[in-house]
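Here's my sequence, what's the structure:
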Amino acid sequence: MSAKRWALAVTLLLAVCAAGFGVYRFVAHRMQTPAGVPPEVVPASWVEYRTSLGHTQHVGRPGVTCKSCHDYERDGFKNPGPTPCVACHAKEGAKLHASGVTKMTDCLTCHAFAPEQKIPTCISCHTKPEGDFAAITTTHATTDCVTCHSPHGDPSVIATACEGCHTERAPEHAAHAGSAGCGDCHKPHAGAKVALEECSTCHKEPAGPKPAGHDSCIDCHKPHAFVATANVCIGCHGAKETLVAASVPAHAICTSCHEHHDPGAAAASCTGCHSAVKVSHDDKTACISCHEPHAGNVNAVANQCTSCHGNIAHTDTSGHAGAIPCTSCHKPHDFEPPQNKLVLCASCHARESALVSTNKGHTDCASCHGASAHTPNMALTCGTCHAKEEASAPKGHQACLGCHEPHSGSQLPKATCASCHADKTGGPHDALKNGCLTCHRPHGPGGIPKPPACATCHASSGPLPALHTVPAHKDCASCHSPHASKAPDRETCTGTCHADRKTHQPQAQVCTGCHAFVK
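A predicted model of the protein is given here:
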């Protein structure tokens, strides 16, 4: 290229540079000098502040000038504070955000006007509790706050249905009157676990201690469903065999007996269904003393009586002389037998009870059979009451029941002297009016203590005649037997006193044919 062309090119390049610099100076001047503001008043930092978010939102809008916010003639361009904001934003200024808390805020807290000042987020202030307002930690920390809050609104919380975001929840618990919905349990900024602590704020009952393993409400009440079913018990406790559940459907449901919040008090729940049953069993008033709900043979209505009263009998049918069930005398729930024992005994011993009614001394069964009805005394000891009769009874007469019916005390029809003393019948005394009792008594204290002398009856007509007067013949028993069926014969005389006369007049049948004893 020629030198001339080089010179032309350099000249054009310088011209373009000069034009560009002029444009730059013009723009810079416009940026550094706001419209209507004397250049000498504009601060050097104008360009930096002009590009901040707060200024770009205001500068250039119709009716908005620097003087709308800055009184530069008096104060220059220093920070005017939030005061000018309310001139245009009266509605927002009437409801300052978070007013009344310990840390006050103003418009400039959230709206950035300084160079490179980022727009503050809610979380930048609310990571810690602020007065009555909880900290935003994890729950909803990533959710745009304006979804639920209107910073200048009144109220500031926008009524937003939680189901809009939490579609998986079905809060049946919120169906009751006066419910605040999810807010009954959940605090907007608190974690979900905090809701577990809220149960007691509404549910101060039930009173009383919580049983082991039932400390957490959600063990049985699942969140958002809340209604606990009987099957929830089985989840922890497993299926249990229950007393006669096959025939009593209510027994198959845990909550029929176990109160939800105090399951250990089930022993007292029986009266809820069995209120008509009144138990009198010494100090055992709890039904489960005899009716075990989950243990033993659940098909047996009640435990054996002898499971507690083994000292009385080995089995429930071995007491009272055996083969008598306990329930024959003791009713299932009213165990105390009637005070009138005669009535109780008569239920099985009607014949005996009728007999003792005629014998005042025998009306108390215990007087002969002992105080314990479980082990009655069958070996009667009549001598306890009839000591004189027992002491005076001759040998062979000590067995009272040989002659007497034990309950009425009367003499048995078959209990005659001849029933035991058949060899003493047929004698000359059989025709006597009182029979054997003329000379004998079975026992004392009444009657004749011992047989009287023969002369008591046979001396009424004077001394006996003839050979009766011989001294050796004075003892009647020497020749006469009171129970003999025949009069004295030859053997009577020759067999004892007159043995030397056995061959005397052998053809004679009796001695009295010659030796007279009568007149």
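
do you know how far the residue lying closest to residue 362 once chain neighbours are set aside is from residue 364?
In space, and not counting its chain neighbours, residue 362 is closest to residue 356: 4.3 Å by CB to CB, 6 or more residues apart in numbering. C-beta here means a position set from N, CA and C on the backbone, and glycine is covered the same way. For residue 356, the distance to residue 364 (CB to CB, to the nearest Å) stands at 9 Å.

What about the residue nearest to residue 362, how many residues nearby?
23 (other CB atoms under 10 Å).

Tally up the residues packed near the closest residue to residue 301 other than its chain neighbours, please.
Excluding its sequence neighbours, the residue lying closest to residue 301 (CB to CB, 6+ apart) is residue 244, at 6.3 Å. Per other CB under 10 Å, the neighbour tally for residue 244 reads 14.

element containing residue 244, please.
Counting by DSSP states H and E, there is no helix or strand that carries residue 244.

how close does it sit to residue 290?
Counting by CB to CB - residue 244 and residue 290 are separated by 13 Å.

Next: residue 256.
In terms of CB to CB, residue 256 sits 19 Å off from residue 290.

Also residue 468?
The value you get for residue 468 to residue 290, if CB to CB is used, is 85 Å.

more neighbours, the two?
Taking neighbours as other CB under 10 Å, residue 468 and residue 290 compare with residue 290 leading, 19 against 15.

Can you report phi and psi for the more buried one?
phi -120, psi -30 (degrees, to the nearest 10).

Could you do residue 280 as well?
According to degrees, to the nearest 10, residue 280 has phi -130, psi 100.

Residues in a beta bridge with it, which ones?
residue 334 (DSSP bridges).

Tell me who's in contact with the residue nearest to residue 362.
342, 362-363, 365, 407-408 (CB atoms under 8 Å, 6 or more residues apart in numbering).

Distance to residue 195 and neighbour count for those residues - can I get that in JSON lines?
Listed next are the contacts of residue 356 as JSON lines, based on distance: CB to CB, whole Å; neighbours: other CB atoms under 10 Å:
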{"residue": "342", "distance to residue 195": "71", "neighbour count": "15"}
{"residue": "362", "distance to residue 195": "80", "neighbour count": "18"}
{"residue": "363", "distance to residue 195": "77", "neighbour count": "14"}
{"residue": "365", "distance to residue 195": "72", "neighbour count": "21"}
{"residue": "407", "distance to residue 195": "80", "neighbour count": "20"}
{"residue": "408", "distance to residue 195": "85", "neighbour count": "16"}
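
ok, of these, which one's closest to residue 317?
Nearest to residue 317 among the contacts of residue 356 is residue 365, at 20.8 Å by CB to CB.

That closest one reaches residue 345, doesn't it?
Yes - assessed by CB atoms under 8 Å, residue 365 is found in contact with residue 345 at 5.1 Å.

how close does the nearest residue to residue 93 once chain neighbours are set aside get to residue 152?
Closest residue to residue 93 in three dimensions, ignoring its sequence neighbours and counting by CB to CB, 6+ apart: residue 86, at 3.5 Å. Separation of residue 86 from residue 152 (CB to CB): 12 Å.

So for these two, which residues contact both of them?
Counting by CB under 8 Å, 6+ apart, the residues touching both residue 86 and residue 152 are residue 92.

for the record, mean pLDDT for stretch 264-281?
Averaging pLDDT along stretch 264-281 gives 83.

what's the answer for stretch 450-467, then?
80.

Now do the same for residue 405: its pLDDT.
Residue 405 is given a pLDDT of 92.

Next one: the residue nearest to it when sequence neighbours are not counted from residue 352, what distance?
Nearest residue to residue 405, sequence neighbours excluded (CB to CB, 6+ apart): residue 412, at 5.6 Å. Distance, residue 412 to residue 352, by CB to CB: 15 Å.

And those two? Which one has more around it.
Neighbour totals were compared for residue 412 and residue 352, and residue 352 leads with 18 against 14 (other CB under 10 Å).

how would you label that one: helix, strand or coil?
helix (DSSP: H, G, I helix; E, B strand; the rest coil).

wait, what's in contact with it?
Residue 352 neighbours (CB under 8 Å, 6+ apart): 345, 407.

packing partners for the strand or helix carrying residue 492?
Assigned by DSSP H and E, residue 492 falls within helix 490-494. Using 3 or more CB pairs under 8 Å, 6 or more residues apart in numbering; DSSP states H and E, no helix or strand is in contact with helix 490-494.

contact partners of it?
479, 501-502, 508-511.

Start and end of stretch 93-112, how far apart?
16 Å (CA to CA, to the nearest Å).

Sort out which residues of that stretch are buried, please.
Across stretch 93-112, burial judged by 16 or more other CB atoms under 10 Å covers 93, 96-98, 105, 107-108, 110-112.

and of the residues you listed, the nearest to residue 390?
residue 98 (111.2 Å).

And the closest residue to residue 289 other than its chain neighbours, how far from residue 291?
Leaving out its chain neighbours, the residue that sits closest to residue 289 by CB to CB, 6+ apart is residue 281, at 7.0 Å. Applying CB to CB, the value for residue 281 to residue 291 is 12 Å.

cool, and residue 43?
96 Å.

Have a look at those two and say which one is more surrounded.
In this view residue 43 and residue 291 are compared by other CB under 10 Å, and residue 291 has more residues nearby, 16 against 13.

Distance check, that one against residue 266.
Taken as CB to CB, the span from residue 291 to residue 266 is 12 Å.

Tell me which stretches of the stretch 101-250 of the chain form helices.
Remark: helices assigned in the stretch 101-250 of the chain by DSSP state H, counting those that start in this stretch are 107-110, 199-202, 231-237.

can you check the stretch 351-500 of the chain too?
Going by DSSP H, counting those that start in this stretch, the stretch 351-500 of the chain shows helices at 366-369, 387-392, 417-420, 455-458, 490-494.

neighbouring contacts of the fourth one?
Taking contacts as CB under 8 Å, 6+ apart, the residues outside helix 455-458 that touch it are 464, 476.

could you dump that helix to CSV, C-alpha only?
What follows is helix 455-458, C-alpha atoms only, in CSV (Å, rounded to 0.1, in the frame of the first residue of the first chain):
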residue,chain,number,x,y,z
ALA,A,455,-89.2,-112.1,146.4
THR,A,456,-90.0,-108.6,145.3
CYS,A,457,-92.8,-110.0,143.2
HIS,A,458,-93.2,-113.6,144.6
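
Distance-wise, check residue 203 relative to residue 261.
9 Å.

the more surrounded of the two?
residue 261 (18 against 11).

Provide the backbone phi and psi angles at the residue nearest to residue 93.
For residue 86, the backbone dihedrals (degrees, to the nearest 10) come out as phi -70, psi -20.

ok, it to residue 116 distance?
26 Å.

Pick out whichever of these two has more residues nearby.
Legend: neighbour count by other CB under 10 Å for residue 86 and residue 116, higher for residue 86 (14 against 9).

Residue 96 is in contact with residue 106, correct?
Yes - the pair residue 106 and residue 96 passes the contact test of CB under 8 Å, sitting 6.9 Å apart.

about what we covered before: out of the helices of the stretch 351-500 of the chain, flag the one nearest residue 250.
Closest among the helices of the stretch 351-500 of the chain, using CB to CB: helix 366-369, at 43.9 Å.
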